[in-house]
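In: just need the structure, nothing else, for what follows:
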Amino acid sequence: MGDRWHVEVDRGVCIGSAMCLSHAPGGFRLDSARQSHPSEPDTDANEKILAAAEGCPVEAILITLPDTGEPVFPPEE
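Out: Model (predicted):
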């Protein structure tokens, strides 16, 4: 992939299912309120982070290109 990504979790949407932790171990953590946070908000593009975003049951994980803000996931329709 070669890109850098900015990863955010919309904590107003996150339901604390922890699916992101199973898809991308080490890529996310849950706080005491069971809200997800990316371990590294700015990271190299990788399939595990993308799988976590795609597998989130409420699409709370947002991935963008940091330089342009262009969405990686969810894709623009």
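
In: packing partners of the helix or strand where W5 lies?
Out: For W5, the host element (DSSP states H and E) is strand 4-9. Contacts defined by 3 or more CB pairs under 8 Å, 6 or more residues apart in numbering; DSSP states H and E place strand 4-9 against strand 36-38, strand 42-44, helix 47-55, strand 61-64. The C-beta positions use only the backbone N, C-alpha and C, and glycine is treated the same way.

In: could I get the ones you listed as a markdown table with mean neighbour count, distance to C14 and mean pLDDT?
Out: As requested, these are exported to a markdown table (neighbours: other CB atoms under 10 Å; distance: least, CB to CB, whole Å; pLDDT from 0 to 100):
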| stretch | mean neighbour count | distance to C14 | mean pLDDT |
| --- | --- | --- | --- |
| strand 36-38 | 20 | 5 | 97 |
| strand 42-44 | 13 | 18 | 96 |
| helix 47-55 | 18 | 12 | 97 |
| strand 61-64 | 21 | 8 | 98 |
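
In: now distance to S22 too, for these, in CSV please.
Out: Output for these, formatted as CSV (distance: least, CB to CB, whole Å):
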stretch, distance to S22
strand 36-38, 12
strand 42-44, 18
helix 47-55, 8
strand 61-64, 13
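
In: one step back: using CSV, list the CA coordinates for the strand holding W5.
Out: C-alpha atoms of strand 4-9 as CSV (Å, rounded to 0.1, in the frame of the first residue of the first chain):
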residue,chain,number,x,y,z
ARG,A,4,0.2,6.7,5.6
TRP,A,5,-3.2,6.7,7.2
HIS,A,6,-4.9,8.8,9.9
VAL,A,7,-7.2,6.6,12.0
GLU,A,8,-10.0,7.9,14.1
VAL,A,9,-12.8,6.2,16.1
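
In: chain neighbours aside, what residue packs nearest to the spatially most central residue of the chain?
Out: In the chain, the residue lying closest to the centroid (CA atoms, centre = their mean) is I61, at 3.9 Å. Excluding the flanking residues, the one nearest I61 by CB to CB, 6 or more residues apart in numbering is A53, at 4.0 Å.

In: could you dump stretch 28-48 to CSV, C-alpha only?
Out: The C-alpha coordinates for stretch 28-48 follow below in CSV (Å, rounded to 0.1, in the frame of the first residue of the first chain):
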residue,chain,number,x,y,z
PHE,A,28,-6.7,-0.4,18.9
ARG,A,29,-7.3,-0.3,22.7
LEU,A,30,-10.4,0.1,24.8
ASP,A,31,-10.6,2.6,27.5
SER,A,32,-12.4,2.1,30.9
ALA,A,33,-15.7,3.0,29.2
ARG,A,34,-15.1,0.3,26.5
GLN,A,35,-14.6,3.0,23.9
SER,A,36,-12.1,2.2,21.2
HIS,A,37,-9.0,4.3,20.4
PRO,A,38,-6.4,3.7,17.7
SER,A,39,-3.0,2.8,19.3
GLU,A,40,-1.3,5.1,16.7
PRO,A,41,-3.6,7.6,15.1
ASP,A,42,-1.1,8.2,12.3
THR,A,43,0.2,4.9,11.0
ASP,A,44,1.4,3.1,7.9
ALA,A,45,-1.4,1.7,5.8
ASN,A,46,-2.0,-2.0,6.5
GLU,A,47,-4.6,-4.6,5.9
LYS,A,48,-5.3,-5.3,9.6
